[in-house]
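**Q** Structure of the sequence below:
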Amino acid sequence: MRPRLLLLALGTFAVGTDSMVMAGILDGIAADLDVPVPAAGQLVSVFALAYALLAPVLATATARWDRRRLLLTAMGLFTAANALSALAPDYGTLLATRVLAAAGAALYTPTASAVATGLVPPERRGRALATVLGGMTVATALGVPLGAYLGRADWRWTMWLVVALGVAAFAGLALLMRGLPAPAAGAPGLRDRLAPLRDRRVVAGFATTLVFFLALNSVYIYLATALRPATGGDQGRLSLVLLVTGVASVAGSWLGGRLVDRLGVRTVLLAGSALTGLVLAALPWLSRSLPGALVYAAACPLTGWAVSVALPHRMASIDPPNAPLLISLNSSALYLGVASAGGVGSGAMALLGDRWFPAVSAGLALVAWAISAATATTGPARAGRTVARKGARAGARV
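**A** Numbers count the residues shown, from 1 in each chain. The predicted model follows:
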């Protein structure tokens with residue numbers, strides 16, 4: 001099972017690199033295509049919004065597709081769109097290709113997450129999700145720095161890096177991703193597929209993900225500003241902080257998967273969101289020195305990415321037969337949070353100043369905690385583990 005999970009993670013690594021590296025090459029894009037930097041920045045927002053809007057629609061439209069075919073179609077579309085981005089002659093064309101890339105990503109990531117939960121027994125689903133989502137976190141530690149480095153010479157080389165990753169993922173999926181569980185016969189239609197949207201638990205899960213990622217990214221987007229007292233504007237110090245952030249993100253995803261399987265979704269959500277809020281609240285003091293900034297860079301991604309594993313697990317457990325749709329809704333909420341974070345962060349800085357604006361993010365993390373406390377259940381992980389243990393004891397008696 002593990003090689004197939006790693007293949008799925010390679011695809012999310014490509015998606016994560018593509019979605020996060022754009023911020024590092026905006027200056028090069030603006031200069032090459034002769035547009036203002038703020039206009040180039042819209043490429044990030046358009047990708048995030050397109051992903052958020054398309055994920056549930058595409059999950060519903062492709063509900064009856066064979067899972068392998070769906071993964072290959074998604075990765076093929078994503079890879080082709082990035083090749084078109086690399087060849088884009090003008091800003092308008094590049095903007096259109098980012099929408100196509102978002103469509104491929106919106107189709108791939110929820111499908112890969114849902115497939116991962118079907119490849120393992122219930123008591124290991126948290127770790128399976130952590131492996132697939134780990135591709136996104138590894139992208140922050142490896143893919144984004146490499147892409148940004150290539151982009152220093154020409155931003156188009158960064159796009160070709162994403163294309164190469166997509167081709168590798170597509171080839172691996174085509175060769176090894178066989179024998180996946182087929183969609184249930186007589187899969188429900190569009191109206192039935194959208195029925196979960198009337199479930200309060202689904203709405204609560206969507207709201208938790210949206211608010212939590214809004215909290216994280218309202219600071220992350222402006223991290224250079226928040227940490228300027230510690231870095232003194234030195235790019236080398238900021239790069240060190242970002243490296244620690246990337247490594248901690250990988251560790252948080254790994255830890256979150258194991259904690260979800262051992263302790264249950266609710267415990268991870270409550271503890272993780274509370275700790276994240278405390279770290280964000282402490283940032284105005286931690287940012288006074290480089291050691292303090294490194295503490296923040298290690299602690300916030302560690303707790304934040306642990307929560308990020310629990311969130312889709314919670315959504316999928318509400319209605320397992322509709323897991324692809326529910327996970328796509330979780331992904332939509334995540335990207336809506338990312339798309340909204342720039343405006344919320346800048347508004348917080350205008351209101352509170354460069355030092356104190358993380359207080360808004362701390363408050364949002366508290367809101368996410370409150371929603372989880374009011375709506376999240378222990379989740380099926382613990383129940384699944386109990387059933388497995390009972391089955392083992394029964395087998396032993398026989």
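**Q** how much space is there between Leu26 and Ala168?
**A** Leu26 is 26 Å from Ala168, where distance means C-beta to C-beta, to the nearest Å. Bear in mind the C-beta positions are built from the backbone N, C-alpha and C, glycine included.
**Q** Between those two, point out the one with more neighbours.
**A** Leu26 (20 against 17; other C-beta atoms under 10 Å).
**Q** what sits against the residue nearest to that one when sequence neighbours are not counted?
**A** Nearest-residue entry for Leu26: Ala40, 4.4 Å, with adjacent residues in sequence omitted and distances by C-beta to C-beta, 6 or more residues apart in numbering. Residues touching Ala40, when contacts are defined by C-beta atoms under 8 Å, 6 or more residues apart in numbering, comprise Leu26, Asp27, Ile29, Ala30, Leu33, Tyr91.
**Q** 6 Å - rerun?
**A** For Ala40, the contacting residues are Leu26, Ile29, Ala30, by C-beta atoms under 6 Å, 6 or more residues apart in numbering.
**Q** got it, and Thr209?
**A** When contacts are counted by C-beta under 6 Å, 6+ apart, Thr209 touches Leu311, Asn330, Ala333, Leu334.
**Q** Kindly report the same for Val241.
**A** With contacts taken as C-beta under 6 Å, 6+ apart, Val241 has the following neighbours: Ala293, Ala297.
**Q** Can you tell me the element it falls in?
**A** Secondary-structure assignment from DSSP states H and E places Val241 in helix 235-263.
**Q** show me where pLDDT drops low in the chain?
**A** Screening the chain residue by residue with the criterion pLDDT under 70, one finds the ranges 1, 23-24, 179, 181-196, 235, 378-398.
**Q** now do 50
**A** Low-confidence segments of the chain, defined by pLDDT under 50: 379-398.
**Q** Identify the residue nearest the spatially most central residue of it in space, chain neighbours excluded?
**A** With distances taken as C-alpha atoms, centre = their mean, the residue of the chain nearest its centroid is Met136 (6.1 Å). For Met136, the nearest residue in space outside its immediate sequence neighbours is Gly16; the separation is 3.8 Å by C-beta to C-beta, 6+ apart.
**Q** so Ile204 touches Thr375, yeah?
**A** To be clear, residue 204 is Ala; Ile isn't right here. Yes. At 3.7 Å, Ala204 and Thr375 qualify as touching, with contact defined as C-beta atoms under 6 Å.
**Q** show me what contacts Phe206?
**A** Contact criterion C-beta under 6 Å, 6+ apart gives Leu329, Ala333 as the residues in contact with Phe206.
**Q** still on that earlier bit, do you know how far the residue nearest to Leu26 is from Leu54?
**A** Here the criterion is C-beta to C-beta. By it, Ala40 lies 22 Å from Leu54.
**Q** so what secondary structure elements neighbour the lengthiest helix in the chain?
**A** Ranked by residue count and defined by DSSP state H, the top helix of the chain is helix 323-356. Here helix 323-356 touches helix 37-61, helix 91-118, helix 200-220, helix 290-318, going by 3 or more C-beta pairs under 6 Å, 6 or more residues apart in numbering; DSSP states H and E.
**Q** Distance to Leu278 added to the ones you listed, as CSV?
**A** Output for those, formatted as CSV (distance: least, C-beta to C-beta, whole Å):
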stretch, distance to Leu278
helix 37-61, 27
helix 91-118, 28
helix 200-220, 12
helix 290-318, 9
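**Q** check which helix or strand covers the residue nearest to the centre of the chain.
**A** In this structure, Met136 is located in helix 125-138 according to DSSP H and E.
**Q** Please apply the same query to Leu72.
**A** helix 67-87.
**Q** Flag every buried residue along that helix.
**A** The neighbour-count check on helix 67-87 (16 or more other C-beta atoms under 10 Å) flags 67-68, 70-86 as buried.
**Q** what angle separates that helix from helix 323-356?
**A** Per axes from the mean of the first three to the mean of the last three C-alpha atoms, to 10 degrees, the angle that helix 67-87 makes with helix 323-356 is 40 degrees.
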